[in-house]
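J.: Following is a predicted model, sequence given first.
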There are 2 protein chains.
Amino acid sequence: MNKVVFGFGLLLSCVASAHAGTGPAVISEKAKAIQAKAINLDTHLDTPALFGRPGWKITDRHTYSGDGSQIDYPRMVEGGLDGGFWVVFTGQEGRDAAGNLKARDAGLKRLSEIREMVAANGDKFELATTADDAARIKAAGKRIVYISMENAYPVEQDPSLLSFYYKQGLRMISLAHTSHNDFADSAGMGVAPKGEHGGLSEKGKALIAEANKLGIIIDQSHSSNEVFDQMLELSTAPIILSHSGAYDVFAHSRNIDDKRIRALAKKGGVIQVNSLGGYLIDTGATPEYRAEQRKIYEAFGGRRGMSEADRKQAMEQIAALDKKYNIKKADFDDYMRHLLHIIKVAGWEHVGLGADWDGGGGVQGYEDIAALPKVVQALLDAGYDEKQIDGILGGNTVRLIREVQAKADPAAVKAALE
Amino acid sequence: MNKVVFGFGLLLSCVASAHAGTGPAVISEKAKAIQAKAINLDTHLDTPALFGRPGWKITDRHTYSGDGSQIDYPRMVEGGLDGGFWVVFTGQEGRDAAGNLKARDAGLKRLSEIREMVAANGDKFELATTADDAARIKAAGKRIVYISMENAYPVEQDPSLLSFYYKQGLRMISLAHTSHNDFADSAGMGVAPKGEHGGLSEKGKALIAEANKLGIIIDQSHSSNEVFDQMLELSTAPIILSHSGAYDVFAHSRNIDDKRIRALAKKGGVIQVNSLGGYLIDTGATPEYRAEQRKIYEAFGGRRGMSEADRKQAMEQIAALDKKYNIKKADFDDYMRHLLHIIKVAGWEHVGLGADWDGGGGVQGYEDIAALPKVVQALLDAGYDEKQIDGILGGNTVRLIREVQAKADPAAVKAALE
């Protein structure tokens, strides 16, 4: 109670600066031991978006305050993250022939970039394609690289490309991003937009059937509630929400309600908790704020591909904008509020971590992957035991990979790998 | 004259063993100096076919007699090869939807394998995409990796994939391999087969137009004479024969006649001389021999992907088969006969080397890339000077890359790279 009052006072007096909810200051030996033994996976690493950034190297140690990045090899080691799903992300643009071709090329390029990163750092990273790969790669002292796709836009022009993605290691796919596409309706960016397909399109249903055949995990994050209901109904294997929050904690259309979390768990699925501030709390971001923010990025030619100097300038301008609009920053406690709520609703066997690092995730006190041990400590403090925390850190994800692949069609898998 | 008589005697007495025509035994300091200064490029390196071979590493030194391979980093250094065009090769199979999809996936995978090889060996290899890259990469002490495609089969299902290949570094493309496809008629395997399209199909013409726009060099090797004539007519840029021989030296349908060599040179093109024995001389291989050879490979599950033990056994069986059919082996002198003839016909400015290493090339005395200095010595012995040899070793290829890219459509290039 005191803490709440204290937090509230701080909020009024110094918005956007460090405050009380930044999590455990000390990590216990027990927490460290649990993490060392667990397979620590994050199911939504947007870091591949940085692979093309001039001069940025995954083997260098960066800081969030320095360049905005949240994952690199040194920080993975520091935070104890063994790996996860590295994302082929494509922002939704035009759904005409030109847009689809551009997305196809961008997706294939990102896929290649992930494989090239692994090839270039064979002593530190290894591609994982099966459930067993995770433990094997960790035991070999390397970091685990599963590949996933966020937004199926790159296969809109030709869904048969899914076989090539599978051959190259893709083991998880989501259908839509922040707007509708040919496959599925999006959950939108706060208030659910009017659906285009009433959930999944026929093309979306066909993609799910194909993914099931190949043992590719189907990821609902960013899609609409109707898509969730239909995925759960149609998919022959359990599904994942690779990076989502709790609607019953914060009523944002990107989050999922308790009823659906229970339905997901009942079917053997898992929900991996997101740390993107705007999905955790009401930050007070208005359409006007968002428009101004967009303008800042546009003035620098967009968020991607900025020079380091431009990035710093843009970040300073965004900070000033946040101050002007009195934007509230989410913190570690806000993240844990979602995580603990979801664990209670789903049961610990159906929860994990998908913090959206390098894709918008991160809150005060949980700025980058180096802070991962705080979550372990907070789970211990909340009363969870080693077995439960082990599942949340990665065991549940490994189980899901195994279950989804066990339900694949061996003939389809063989044909795709030939 | 003596040599000829001696060679003939040997041929009768010990077919398939080493004989006189294995080239210069000593490499002069002058030859070494020329090579050190030149940009030594081979325009048809099939070595990427080995990248997927279990345990095979480009950084290890192999021997041709040991595992049949002809290119690796140590032997490139030894032979003074600075690099060349590394091939995305796909053998022509079914032209139905299933075949086209399989070829699409195989092509994209090979492309990725080439880039991964470069990523994994960033201290030794570098991707080259422009003419200037060659000298820059050589000066940096690394080997040059241009990417080409042999057989456009991987883009039959969707020719628009060419833009993705370009984005990833493709700078040369041939249309057909040993049989006709949707783009073009093949030259076949000895006697020209009846054409299907009478040269290029409409789809083939469209692909050439697109390649021209992007500044991708058009490669006629393996296509029919009619394709040659039409390419020369249609292409807005000079073309290449990346690995071909002289029909007027040996009348094989894979070789090109003097009239066409002159026409090629007149339009600014270059012909790179192949070292595949069966295209250099009449080896006496009959259809029966070929059928038996095919059976041997089939018994091991095909030429690709054999285990090392199986490969050795297959090579032994092929050697016994060669003996049974009295198969004649081409040698270094046979190779030089084609090369020197072509230089005379085309003019030295229009000739280079494309020995088809790891794709069937190599003759007695010229078994792998370590033997490259012999060609330099033989050119000196034949009276060519430094400037001429420099052109043949790579200067002419670099000039061609520059010319073809200068004729590209900047808007198309910009769009493909976005």
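T.: Now that the structure is in, tell me what you want to look at.

J.: Could I get the phi/psi values of A:Val191?
T.: Backbone dihedrals for A:Val191, given as degrees, to the nearest 10, come out at phi -110, psi 130.

J.: Tell me, how many residues neighbour it?
T.: When counting by other CB atoms under 10 Å in any protein chain shown, one arrives at 9 neighbours for A:Val191. Any C-beta I mention is one placed from the backbone N, CA and C, and that applies to glycine too.

J.: Tell me who's in contact with it.
T.: A:Ser253 (CB atoms under 8 Å, 6 or more residues apart in numbering or on different chains).

J.: likewise A:Met76?
T.: With contacts defined as CB under 8 Å, 6+ apart, the neighbours of A:Met76 are A:Asp82, A:Gly83, A:Arg143, A:Ile369.

J.: Assumed it was part of a strand.
T.: No: counting by DSSP: H, G, I helix; E, B strand; the rest coil, one finds A:Met76 to be helix, located in no strand.

J.: What residues does chain A have near chain B?
T.: A:101-102, A:104-105, A:108-109, A:111-112, A:115-117, A:119-120, A:122, A:158, A:160, A:163-164, A:167-168, A:418 (CB under 8 Å from any CB of the partner chain).

J.: Out of those, name the ones that lie in helices.
T.: Taking DSSP state H as the definition of helices, the residues of chain A next to chain B contribute A:101-102, A:104-105, A:108-109, A:111-112, A:115-117, A:119-120, A:163-164, A:167.

J.: can you tell me how far the closest residue to A:Gly91 other than its chain neighbours sits from A:Arg75?
T.: Take A:Gly91 and drop its neighbours on the chain: the residue closest to it by CB to CB, 6 or more residues apart in numbering or on different chains is A:His177, 6.6 Å away. A:His177 sits at a distance of 26 Å from A:Arg75 (criterion: CB to CB, to the nearest Å).

J.: circling back: touching, the residue nearest to A:Gly91 and A:Met149? I think so.
T.: No: using CB atoms under 8 Å, A:His177 and A:Met149 do not qualify as a contacting pair, with a distance of 10.5 Å.

J.: Quick check: neighbours shared by the two?
T.: Contact criterion CB under 8 Å, 6+ apart; residues bridging A:His177 and A:Met149 by contacting each: A:Phe89.

J.: Between these two, which has more neighbouring residues?
T.: A side-by-side neighbour count of A:His177 and A:Met149, using other CB under 10 Å, places A:Met149 first with 27 against 21.

J.: May I have the helix or strand that one falls within as PDB, with CA atoms only?
T.: Secondary structure assigned from DSSP states H and E places A:Met149 in strand A:143-150. The C-alpha coordinates for strand A:143-150 follow below in PDB (Å, rounded to 0.1, in the frame of the first residue of the first chain):
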ATOM      1  CA  ARG A 143      23.300 -19.600 -27.600                       C
ATOM      2  CA  ILE A 144      20.100 -21.000 -29.200                       C
ATOM      3  CA  VAL A 145      18.700 -19.600 -32.400                       C
ATOM      4  CA  TYR A 146      15.200 -20.700 -33.400                       C
ATOM      5  CA  ILE A 147      13.700 -18.800 -36.200                       C
ATOM      6  CA  SER A 148      10.200 -17.300 -36.300                       C
ATOM      7  CA  MET A 149       8.200 -15.000 -38.500                       C
ATOM      8  CA  GLU A 150       6.200 -12.000 -37.300                       C
END
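
J.: quick check: mean pLDDT across it?
T.: Strand A:143-150 carries an average pLDDT of 98.

J.: and it, which strands flank it?
T.: Strand A:143-150 has the following strand partners under DSSP bridges: strand A:83-89 (parallel), strand A:125-127 (parallel), strand A:170-174 (parallel).

J.: Quick check: next helix or strand after the host helix or strand of A:Tyr289?
T.: With elements delineated by DSSP H and E, A:Tyr289 resides in helix A:287-299, which encompasses its position. Using DSSP H and E, the helix or strand that follows helix A:287-299 in sequence is helix A:308-324.

J.: What segments of the stretch 301-418 of chain A are helices?
T.: With DSSP state H, counting those that start in this stretch applied, the stretch 301-418 of chain A shows helices at A:308-324, A:332-346, A:372-381, A:386-390, A:396-406, A:410-417, listed in chain order.

J.: Could you dump those helices into JSON lines with mean neighbour count and distance to A:Trp56 added?
T.: Compiled in JSON lines, the helices of the stretch 301-418 of chain A are given as follows (neighbours: other CB atoms under 10 Å in any protein chain shown; distance: least, CB to CB, whole Å):
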{"stretch": "helix A:308-324", "mean neighbour count": "14", "distance to A:Trp56": "9"}
{"stretch": "helix A:332-346", "mean neighbour count": "23", "distance to A:Trp56": "26"}
{"stretch": "helix A:372-381", "mean neighbour count": "22", "distance to A:Trp56": "21"}
{"stretch": "helix A:386-390", "mean neighbour count": "18", "distance to A:Trp56": "32"}
{"stretch": "helix A:396-406", "mean neighbour count": "21", "distance to A:Trp56": "27"}
{"stretch": "helix A:410-417", "mean neighbour count": "13", "distance to A:Trp56": "33"}
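
J.: With mean pLDDT as added columns, please give the ones you listed in CSV.
T.: Supplementary listing: those in CSV, determined by pLDDT from 0 to 100:
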stretch, mean pLDDT
helix A:308-324, 89
helix A:332-346, 98
helix A:372-381, 98
helix A:386-390, 98
helix A:396-406, 98
helix A:410-417, 94
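
J.: Turn these into a markdown table, columns for distance to B:Tyr325.
T.: Converted to a markdown table, these look like this (distance: least, CB to CB, whole Å):
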| stretch | distance to B:Tyr325 |
| --- | --- |
| helix A:308-324 | 66 |
| helix A:332-346 | 71 |
| helix A:372-381 | 67 |
| helix A:386-390 | 65 |
| helix A:396-406 | 49 |
| helix A:410-417 | 37 |
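
J.: To A:Ala285, which of those helices lies closest?
T.: In terms of CB to CB, the element of these nearest to A:Ala285 is helix A:308-324, at 8.9 Å.

J.: hmm, back to that, tell me the contacts of the residue nearest to A:Gly91?
T.: A:Phe89, A:Thr90, A:Gly91, A:Gln92, A:Glu150, A:Asn151, A:Tyr153, A:Ser186, A:His222.

J.: And those residues, which is closest to A:Arg294?
T.: Looking at those and their distance to A:Arg294, the nearest is A:Gly91, at 12.8 Å (CB to CB).

J.: surely that closest one meets A:Pro154?
T.: No: taking CB under 8 Å as the definition, A:Gly91 is not a contact partner of A:Pro154, at 11.0 Å.

J.: Of the two, which one has the most company?
T.: More neighbours sit around A:Pro154 than around the other of A:Gly91 and A:Pro154, counting by other CB under 10 Å; the figures are 26 against 16.

J.: Contacts only, for that one.
T.: Remark: with contacts taken as CB under 8 Å, 6+ apart, A:Pro154 is in contact with A:Val88, A:Thr90, A:Ala103, A:Arg104, A:Ala106, A:Gly107, A:Leu108, A:Leu161.

J.: OK, contacts around the nearest residue to it once chain neighbours are set aside?
T.: For A:Pro154, the nearest residue in space outside its immediate sequence neighbours is A:Gly107; the separation is 2.5 Å by CB to CB, 6+ apart. A:Gly107 makes contact with A:Val88, A:Thr90, A:Met149, A:Tyr153, A:Pro154, A:Val155, A:Tyr165 under the criterion CB under 8 Å, 6+ apart.

J.: wait, the last one sits on A:Val155?
T.: What that stands for is A:Tyr165. Yes: using CB under 8 Å, A:Tyr165 is in contact with A:Val155, at 7.3 Å.

J.: Overlap in contacts, these two.
T.: Counting by CB under 8 Å, 6+ apart, the common neighbours of A:Tyr165 and A:Val155 are A:Gly107, A:Met149.
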